[in-house]
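K.L.:
Dropping the sequence and predicted coords here.
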Amino acid sequence: MPSEEFIVTPWEVEGHVDYGKLITLFGTQPIDDHILGRFKKLTGSIPLMLRRKIFFSQRDLNWILDCYEAGQRFVLYTGRGPSGHTHLGHLMPWVFTKYLQDSFGADLYFQLTDDEKFLQKDPLSMHMVRGFSYDNALDVIALGFDPQKTRIFLDTEYVHTLYPIALEVSKRVTFSAARAVFGFDVSTNVGMISFTSMQSAPAFLPSIEAGRNVPVLIPCAIDQDPHFRVTRDVAPKMGYYKPALIHSRFFPSLLGQDKMSASLPETSIFTTDDPDEARRKIANAFTGGRATVREQRELGGTPDVCTIYQYAFYLFEEDDRRAFELREECLTGARACGTCKKELADKVVAFLEDHQRKREQAKDRLEDFMVRDC
Ligand code: TRP
């Protein structure tokens with residue numbers, strides 16, 4: 001694959017992702033200053049992930065804000081494919097979703113697609129994906145979502161509710177449309193071909209439950225957009241609003257590709273990593289530094305390719321002025337990689353210790369969040 005090419009599908013992200021190009025390719029809209037201004041007006045501030053354009057793309061977000069301004073509540077829907085432990089990249093959209101829940105008083109439906117990961121990942125058994133679902137749910141709960149406003153479910157445990165909706169969707173999606181959207185071929189198992197209808201179902205559930213149309217906003221990484229193109233396509237045919245979307249970039253891998261892969265432990269910091277493990281991974285991470293300290297001082301580093309800098313920018317340096325200074329100090333050679341690594345490791349470890357404590361407490365609170373219908 002030539003270096004300027006990249007692939008983004010829900011099951012594969014490869015190459016150096018050009019996010020501007022993705023907006024054109026997928027036909028989404030950028031998050032512009034007008035939208036940022038609306039968030040500021042409605043919530044009092046603009047969170048880091050919007051300010052820094054980590055959430056950079058959207059569909060119908062202005063409509064959601066119009067509804068809210070007109071006094072119509074929207075519902076949030078997001079999810080996770082439980083293929084392993086949670087890493088920091090997964091937390092990013094959930095942290096943003098929590099801000100949306102708090103700021104707009106929105107209910108949240110959180111889907112754990114155990115069916116999807118069973119179908120997609122050969123070595124994973126049903127037993128394993130269910131185990132990861134409950135493991136991942138602890139991370140969601142640990143972030144502090146409101147139990148009164150949040151329900152978490154596994155597809156296989158909420159199937160009486162979801163399956164009839166999924167059937168309505170799958171009846172309206174042809175194989176040829178699914179193949180065009182997802183790139184299936186003749187070796188794709190038939191479960192995967194219809195799975196997308198299960199991911200559509202929660203987008204309609206709030207309307208079905210309310211007995212009237214309810215606006216839904218889906219925060220997700222941009223690779224999930226193909227699913228929701230299908231959802232948005234069938235929505236009017238089923239008599240519902242199209243769900244709105246807000247898309248994030250991918251969290252950088254510690255080894256320097258564009259997406260963190262949960263299947264390669266060294267590329268990511270997991271919420272279950274102990275502090276020493278996290279420090280070791282950060283110490284071994286790919287940076288934008290020069291070969292020697294002397295060269296670094298003379299020529300400066302390249303923060304824009306540096307995973308350590310990206311970590312600070314995406315999650316760990318809340319202060320915009322400080323984030324800017326870090327970049328400048330790196331560019332001018334005033335900063336060495338060792339300093340950055342040490343500072344980041346301290347922050348990551350502090351975060352992990354706090355999160356792991358909350359994660360332990362979440363074990364007793366699981367049943368405040370989980371819903372099942374079988
Ligand atoms: N398919 C997603 C994944 O593999 C999980 C998911 C289900 C999801 N529903 C969602 C993600 C809604 C974002 C929004 O991670």
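P.N.:
Nice, I can see it. Residues are numbered from 1 along each chain as shown.

K.L.:
Now do the strands in the stretch 101-250 of the chain.
P.N.:
108-112, 150-154, 216-221, 244-248 (DSSP state E, counting those that start in this stretch).

K.L.:
Tabulate these in a markdown table, adding columns for distance to residue 314.
P.N.:
The way it works is simple: take the backbone N, C-alpha and C, and place the C-beta from them, glycine included. Output for the strands of the stretch 101-250 of the chain, formatted as a markdown table (distance: least, Cβ to Cβ, whole Å):
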| stretch | distance to residue 314 |
| --- | --- |
| strand 108-112 | 21 |
| strand 150-154 | 24 |
| strand 216-221 | 12 |
| strand 244-248 | 9 |
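
K.L.:
what would those strands look like in a markdown table with distance to the ligand?
P.N.:
Formatted as a markdown table, the strands of the stretch 101-250 of the chain follow (distance: least, Cβ to the nearest ligand atom, whole Å):
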| stretch | distance to the ligand |
| --- | --- |
| strand 108-112 | 4 |
| strand 150-154 | 11 |
| strand 216-221 | 3 |
| strand 244-248 | 9 |
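
K.L.:
want to throw those strands into JSON lines with mean pLDDT?
P.N.:
Below are the strands of the stretch 101-250 of the chain laid out as JSON lines (pLDDT from 0 to 100):
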{"stretch": "strand 108-112", "mean pLDDT": "98"}
{"stretch": "strand 150-154", "mean pLDDT": "98"}
{"stretch": "strand 216-221", "mean pLDDT": "98"}
{"stretch": "strand 244-248", "mean pLDDT": "98"}
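
K.L.:
what would those look like in TSV with mean neighbour count?
P.N.:
Shown next, in TSV, are the strands of the stretch 101-250 of the chain (neighbours: other Cβ atoms under 10 Å):
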stretch	mean neighbour count
strand 108-112	24
strand 150-154	22
strand 216-221	25
strand 244-248	26
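
K.L.:
just so I know, which of those strands lies nearest residue 196?
P.N.:
The closest of the strands of the stretch 101-250 of the chain to residue 196 is strand 108-112. By Cβ to Cβ, the value is 12.5 Å.

K.L.:
Report the contact partners of residue 80.
P.N.:
86, 90, 110-113, 136, 140 (Cβ atoms under 8 Å, 6 or more residues apart in numbering).

K.L.:
mind saving the C-alpha coords of the least confident helix or strand in the chain by mean pLDDT as PDB?
P.N.:
The weakest-scoring helix or strand in the chain, judged by mean pLDDT, DSSP states H and E, is strand 12-15 (a mean of 84). Output of strand 12-15 as PDB, limited to C-alpha atoms (Å, rounded to 0.1, in the frame of the first residue of the first chain):
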ATOM      1  CA  GLU A  12      -9.800  -2.700   9.700                       C
ATOM      2  CA  VAL A  13      -7.800   0.500  10.000                       C
ATOM      3  CA  GLU A  14      -4.500   0.700   8.100                       C
ATOM      4  CA  GLY A  15      -2.100   3.200   6.900                       C
END
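
K.L.:
can you tell me if that strand touches the ligand.
P.N.:
No: using Cβ under 6 Å from any ligand atom, strand 12-15 stays clear of the ligand, coming no nearer than 11.3 Å.

K.L.:
ok, and what's touching the helix or strand just after that strand?
P.N.:
Moving toward the C-terminus from strand 12-15, the next helix or strand (DSSP states H and E) is helix 19-26. Residues outside helix 19-26 that contact it (Cβ under 8 Å, 6+ apart): 8, 28-30, 56-57, 222, 225-226, 229, 249.

K.L.:
swap in stretch 288-296?
P.N.:
299, 301-306, 309, 330, 333, 336-337.

K.L.:
same deal with stretch 168-188?
P.N.:
In contact with stretch 168-188 (Cβ under 8 Å, 6+ apart) are residues 9-11, 192-194, 196-197, 200-201, 204, 226, 229-231, 233-234, 237-238.

K.L.:
If we check the ligand, which of those residues are in contact?
P.N.:
Answer for the contacts of stretch 168-188 near the ligand (Cβ under 6 Å from any ligand atom): residue 10.

K.L.:
Buried only: go through the contacts of stretch 168-188 for me.
P.N.:
10, 192-194, 196-197, 200-201, 204, 226, 229-231, 233-234, 238 (16 or more other Cβ atoms under 10 Å).

K.L.:
Now for those: which two are most distant?
P.N.:
Longest span within the buried ones among the contacts of stretch 168-188, Cβ to Cβ: 192 and 238, 22.4 Å.
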